[in-house]
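Engineer: Mind folding the following:
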Amino acid sequence: MKAIHRWALLFLVVGSALQAAPLADPVIQLLPNPPTPSFVFDVPEGGPDPGLQKLTIKNDGTGQLNWSASLGNYQPANVSGWLTLSKTSGTLGPQKTVDVELLVSVGSIPAGIYNVTITVTETVLLNVTPRTASVQMRVSAVPRMSATPTSFTFAAPENGANPLPQPLTITNTGGGTLNWTAVVNQSWLKVDSLNTVNGSLGPAGSHNIQVSVITGSM
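Structural biologist: Okay, here's the model as predicted:
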């Protein structure tokens, strides 16, 4: 038995001329918050680096999208290279998406506000509108203190031995220098066997102090 193959071609008749139908075009959309997403990274001076954020590229058209992502001019121009893209090119079918991770590295950049743009373009077709996203890095020299844990529980027998000390971790989660002081207001409570201790911490620096109780004749 012979196999029968059917082939179909779509043509448009304009007047008396026979023309092929135009190809479908891709459409670039950037998410979240189209058409111009903006990203803000708050970073302490000296680090640590912030968590990544994601720019989503979507082909909102009906043809294949051959996309390329590039970084524009850094502002100010003398501070550059702090933003990295996990992907810079690829292809997307109609209504498909891809996530591009935005990674910021503060390094030794001083406190200030820094900006750069991301431009996504179609690399094959010239009639597809490019899209842009803005990225801002805000480097702060203000220290921020974190202390963990936030509560302690000690158990001891009456007239018995003192319970073991427990650690309290103080961390500078901001920038600059954190000058900290720990003060206790009860005679039975001690920090590093004292009533008051203090110290200084740079960005991302941490220090453990020992919290202990003296049960005495309680």
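Engineer: Quick check: closest non-adjacent residue to the residue nearest to the spatial centre of the chain.
Structural biologist: Taking C-alpha atoms, centre = their mean, the centroid of the chain lies closest to residue 52, which sits 2.6 Å from it. Leaving out its chain neighbours, the residue that sits closest to residue 52 by C-beta to C-beta, 6 or more residues apart in numbering is residue 101, at 4.8 Å. (C-beta placed from N, C-alpha, C; glycine too.)
Engineer: what do you get for residue 28?
Structural biologist: Among residues not flanking residue 28 along the chain, residue 131 sits closest, at 4.7 Å (C-beta to C-beta, 6+ apart).
Engineer: Now do the helix or strand harbouring the residue nearest to residue 52, average pLDDT.
Structural biologist: In this assignment (DSSP states H and E), residue 101 forms part of strand 97-104. In this model, strand 97-104 has an average pLDDT of 98.
Engineer: Also stretch 182-193?
Structural biologist: On average, the pLDDT along stretch 182-193 is 92.
Engineer: roughly how far apart are residue 96 and residue 213?
Structural biologist: Between residue 96 and residue 213 the computed distance is 61 Å (C-beta to C-beta, to the nearest Å).
Engineer: Ok, residue 93 next?
Structural biologist: Distance from residue 93 to residue 213, by C-beta to C-beta: 66 Å.
Engineer: Tell me which of the two has more neighbours.
Structural biologist: Between residue 93 and residue 213, counted using other C-beta atoms under 10 Å, the more crowded position is residue 213 (19 against 11).
Engineer: In contact with the residue nearest to residue 28, which residues?
Structural biologist: Contacts for residue 131 (C-beta atoms under 8 Å, 6 or more residues apart in numbering) come out as 28, 29, 30, 34, 35, 36, 119, 120.
Engineer: Whichever of those end up buried, select them in PyMOL.
Structural biologist: Remark: buried members of those, expressed as a PyMOL selection using 16 or more other C-beta atoms under 10 Å:
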select buried, resi 28+29+30+120
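Engineer: Dump the contacts of residue 131 into TSV; add secondary structure, distance to residue 109 and pLDDT as well.
Structural biologist: Formatted as TSV, the contacts of residue 131 follow (DSSP: H, G, I helix; E, B strand; the rest coil; distance: C-beta to C-beta, whole Å; pLDDT from 0 to 100):
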residue	secondary structure	distance to residue 109	pLDDT
28	strand	31	98
29	strand	32	98
30	strand	26	98
34	coil	30	93
35	coil	30	91
36	coil	25	93
119	strand	23	98
120	strand	26	98
